[in-house]
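Engineer: Prediction below, plus the sequence it came from.
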Amino acid sequence: MSNKDEEIEKILKEIKDGKEDGNENSSKIPQESEPVTEPAALETEAPLPDTESSSTSVFESESKDISFGDWQDNYSDDYADNGGNMLTNSRKKIIIGIVAAVVLIAAVCGVYFGFFYEKEEPTTTTVTTTTTTTAAPVIIRNPLTGEPDYNENAVGKRPIAVVVENSSAARPQYNINTPDIIVEGEVEGGETRMLWFYSDMTNLPEMMGPVRSARPSYVKFSELFDSLYIHYGGSHSKGDYIGGYETISADNVDDIDGMTVSSCFKRTSDRKSPHNAVLLGEKLIGAIENKNYRTELDKSSFSQFEFNEEVVPVSSTPCNTVGVKISSSTRTHNLTYNAEDKQYVNENDYKTEVRFTNVIVMFADSTYIVKHNYKGSGKSETYLNYDLSSGKGQLISCGSVVDFEWSVNNGILSFKDMNGAELKLNPGKSWICLASSNHQGSVTVE
């Protein structure tokens, strides 16, 4: 039996019990033979049922046992209340009906609102698009060659400049293809001497040389790059000649001299002295530290060249071969362009093949100075000094040639094209030739 049926049975029982209570007070209930006088209020609301049309009175029907089905079929609001009991139960029925309706409405509302409103609020997913910007990789370039993949630890460090001999007895030089830049010019007696520049002193070959003595013009040129100057001995002043040692002292140049520092030099057994003194690359840093020299680069004293990102022709004027004569007293240096690797090759001047991306000829005034009674021998020696102030030049690179102008201002060397813009070199090794502009230095291109 459902809860609703149980509730109805309970109400019917209360009705029945009320009737029985009424029989116990029978003096108050009219008999069948007696006329029934209804309250006036009930007469206006509903007429009494016709007693003649029914063989059973209302009260008799109440005395029966009424089941749920009988009550549903026979009970009607048309029945008059007997002493208020029927009215009371009728009100209960109404109340129950109202309660049932309220419960039903509440249930419907609960289902509705539970379905539509008690659900979790729909989750709004906000898709955030993150754009990752990948920074272009930082390319570290060698400041002397413009080539990439340079040692990061060498950035901002001073280069070294090594004085290397170029007499016949010194060739081929040890590791001549390793310098970033080779500077070559005349010294004395029609001989040339070189200055090898290395940007990274931590990445040097096992040995370099033969190392020879200091000359004033080479000391001056090394200062244009804030270099540590490496040499083995040097010339001294006499008469009108200012020597290499005196130039080092006057300019307060940080130098390593093989005559006084033995830790980073040795003499080889394959050549005769003085053409066999070599610099030991792995020993140099220790010698510099022992001198307590500054290793951080002074950018205000460093000549920074401009470079193209890749090797390209520098003009529309072709140059497949080039011959450079430093002065009337020197032999001609010949170089041939190799289009495959975009380098100029010198095969004969050093008794080994040497290659350069850039051939740079700087025309400079030169001065011959006679030093009498050289080393007390009674003989004289003629030295050559360069005027490193300004001049014209030619750049040969990538099968082409272009004119330019050079100058030194406040210790900085700069190259300008003929329109006054900064001249760009191609990335790679360079050979810088100091050609005498007043003693028949020349360049021939084909």
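Structural biologist: Looks like it arrived, so ask away.
Engineer: Quick test: name the residue nearest the centre of the protein.
Structural biologist: The geometric centre of the chain, computed from its C-alpha atoms, lies nearest to Ala135 (Cα atoms, centre = their mean), at 4.4 Å.
Engineer: pretty sure that one belongs to a helix, no?
Structural biologist: No - the assignment for Ala135, made by DSSP: H, G, I helix; E, B strand; the rest coil, is coil rather than a helix.
Engineer: Please give me every residue in contact with Asn276.
Structural biologist: Contacts for Asn276 (Cβ atoms under 8 Å, 6 or more residues apart in numbering) come out as Pro210, Arg267, Thr268, Ser269, Asp270. In this view, the C-beta of every residue, glycine as well, is placed from N, C-alpha and C.
Engineer: of these, buried ones?
Structural biologist: The neighbour count (16 or more other Cβ atoms under 10 Å) marks Pro210, Arg267 as buried among those.
Engineer: Looking at the contacts of Asn276, which is nearest Glu340?
Structural biologist: Distance to Glu340, by Cβ to Cβ, is smallest for Pro210 among the contacts of Asn276, at 32.1 Å.
Engineer: Report pLDDT for that closest one.
Structural biologist: Looking at Pro210, its pLDDT reads 98.
Engineer: Could you count how many residues lie near Leu434?
Structural biologist: 27 (other Cβ atoms under 10 Å).
Engineer: Val162 too?
Structural biologist: Around Val162 there are 27 other residues, counting by other Cβ under 10 Å.
Engineer: Can you name every helix or strand that the helix or strand harbouring it contacts?
Structural biologist: Assigned by DSSP states H and E, Val162 belongs to strand 160-165. Packed against strand 160-165 by the contact rule (3 or more Cβ pairs under 8 Å, 6 or more residues apart in numbering; DSSP states H and E) you find strand 192-198, helix 216-223, strand 228-231.
Engineer: Out of those, flag the one nearest Asn410.
Structural biologist: helix 216-223 (11.6 Å).
Engineer: quick one: that closest one to strand 192-198, angle?
Structural biologist: 20 degrees (axes from the mean of the first three to the mean of the last three Cα atoms, to 10 degrees).
Engineer: Figure out how far helix 216-223 is from the centre of its chain.
Structural biologist: On the basis of Cα atoms, centre = their mean, to the nearest Å, helix 216-223 sits 40 Å off its chain's mean C-alpha point.
Engineer: Over to stretch 432-439?
Structural biologist: Per Cα atoms, centre = their mean, the displacement of stretch 432-439 from the mean C-alpha position of its chain is 45 Å.
Engineer: Contacts for it next, please.
Structural biologist: By Cβ under 8 Å, 6+ apart, the residues outside stretch 432-439 that reach it are 181-186, 217, 221, 324-329, 333, 359-366, 368, 384, 386, 391-392, 441-443.
Engineer: who's in contact with Asn334?
Structural biologist: Applying Cβ under 8 Å, 6+ apart, we find Asn334 in contact with Thr321, Val322, Gly323, Val324, Asn346, Asn348, Asp349.
Engineer: out of those, who has the most neighbours?
Structural biologist: Using other Cβ under 10 Å as the neighbour criterion, Val324 leads the contacts of Asn334 with 24 neighbours.
Engineer: Please, which helix or strand holds that one?
Structural biologist: Per DSSP H and E: strand 321-325 holds Val324.
Engineer: again, but for Glu289
Structural biologist: helix 281-291.
Engineer: Now for the residue lying closest to Phe197 once chain neighbours are set aside: which residues touch it?
Structural biologist: Of all residues not flanking Phe197 in the chain, Ile181 sits nearest, at 4.1 Å (Cβ to Cβ, 6 or more residues apart in numbering). Ile181 sits next to Leu144, Thr145, Trp196, Phe197, Lys429, Ser430, Trp431, Ile432 when contact means Cβ under 8 Å, 6+ apart.
Engineer: Make CSV out of the residues you listed and add distance to Gly239, secondary structure and pLDDT.
Structural biologist: Listed next are the contacts of Ile181 as CSV, based on distance: Cβ to Cβ, whole Å; DSSP: H, G, I helix; E, B strand; the rest coil; pLDDT from 0 to 100:
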residue, distance to Gly239, secondary structure, pLDDT
Leu144, 37, coil, 98
Thr145, 40, coil, 98
Trp196, 30, strand, 98
Phe197, 32, strand, 98
Lys429, 39, coil, 98
Ser430, 36, strand, 98
Trp431, 33, strand, 98
Ile432, 30, strand, 98
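Engineer: what mean pLDDT does the strand ranked longest in the chain have?
Structural biologist: Counting residues, the longest strand found in the chain (DSSP state E) is strand 400-409. Strand 400-409 carries an average pLDDT of 98.
Engineer: now do stretch 302-322
Structural biologist: 98.
Engineer: again with stretch 268-275
Structural biologist: 95.
Engineer: residues in contact with the closest residue to Ser301 other than its chain neighbours?
Structural biologist: Counting by Cβ to Cβ, 6+ apart, Ser301 lies nearest to Asp226, which is 4.2 Å off, once chain neighbours are set aside. Applying Cβ under 8 Å, 6+ apart, we find Asp226 in contact with Arg158, Pro159, Leu297, Asp298, Ser301, Phe302.
Engineer: Then Ser227?
Structural biologist: Ser227 makes contact with Arg158, Pro159, Ile160, Ala161, Phe197, according to Cβ under 8 Å, 6+ apart.
Engineer: confidence score at the first one?
Structural biologist: According to the model's per-residue confidence, Arg158 sits at a pLDDT of 98.
Engineer: So which residues of the stretch 201-350 of the chain form strands?
Structural biologist: Ranges of strands in the stretch 201-350 of the chain, per DSSP state E, counting those that start in this stretch, are 207-208, 228-231, 255-257, 265-267, 277-280, 306-307, 321-325, 332-338, 343-346.
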